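> Give me coordinates for this.
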Amino acid sequence: MSKNGRIMLSGALVLIALALYIIGIIILPETIGLQIQMDGSMGNNASKYVGLLIPFALTAGGAIYYYMKEEGKSLFVSFIGIAVFGVTFIMNL
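Predicted coordinates for the structure are as follows:
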């Protein structure tokens, strides 16, 4: 992929991560569950700011690393970060 293509893709992923972080801050409760136990109850809890920082760091970090090194694995990490955002929203709404 060309350098401009990598810039566009990386920038889009960072903007998506930022948008999902802001949406999560607005719609999620103050404390969110990070794990589900076998009985269906929430295991570990954290502040929504800290809990949403984990998938944001995965997505943005993978996108930035993809821009710098052009490795497909880091792009995969970005998509995993977006999936973690989705699971977090589903678990806590």
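
> Check which residues of stretch 42-51 are buried.
Buried residues in stretch 42-51, counted by 16 or more other CB atoms under 10 Å: K48, G51. To be clear about C-beta, it is placed using only N, CA and C from the backbone, and glycine gets the same treatment.

> Span of it from start to end?
One end of stretch 42-51 sits 13 Å from the other (CA to CA, to the nearest Å).

> Does A63 touch I7 like I think?
No - between A63 and I7 there is no contact under CB atoms under 8 Å: 10.4 Å.

> centre of the chain versus the biggest helix by length in the chain, how much separation?
Longest helix in the chain, counting residues (DSSP state H): helix 3-27. Centroid displacement of helix 3-27 relative to its chain, using CA atoms, centre = their mean, to the nearest Å, is 9 Å.

> ok, and what's touching the following helix or strand past it?
Using DSSP states H and E, the helix or strand that follows helix 3-27 in sequence is strand 31-33. Strand 31-33 has contacts (CB atoms under 8 Å, 6 or more residues apart in numbering) with M42, G43, N44, N45, A46, S47, K48, G51, L52, T88, M91, N92.

> can we see that at 7 Å?
Strand 31-33 has contacts (CB atoms under 7 Å, 6 or more residues apart in numbering) with M42, G43, N45, A46, S47, K48, G51, T88, M91, N92.

> so the first one bridges to which residues?
Yep, that's M42 we're talking about. I36 (DSSP bridges).

> Could you pull up the residues touching the residue nearest the centre of the chain?
The centroid of the chain falls nearest to P55 when counting by CA atoms, centre = their mean (2.7 Å). Contact analysis of P55 by CB under 7 Å, 6+ apart lists G81, V84, F85, T88.

> Now do the same for D39: its pLDDT.
Here the pLDDT value assigned to D39 is 87.

> can you count the residues close to it?
6 (other CB atoms under 10 Å).
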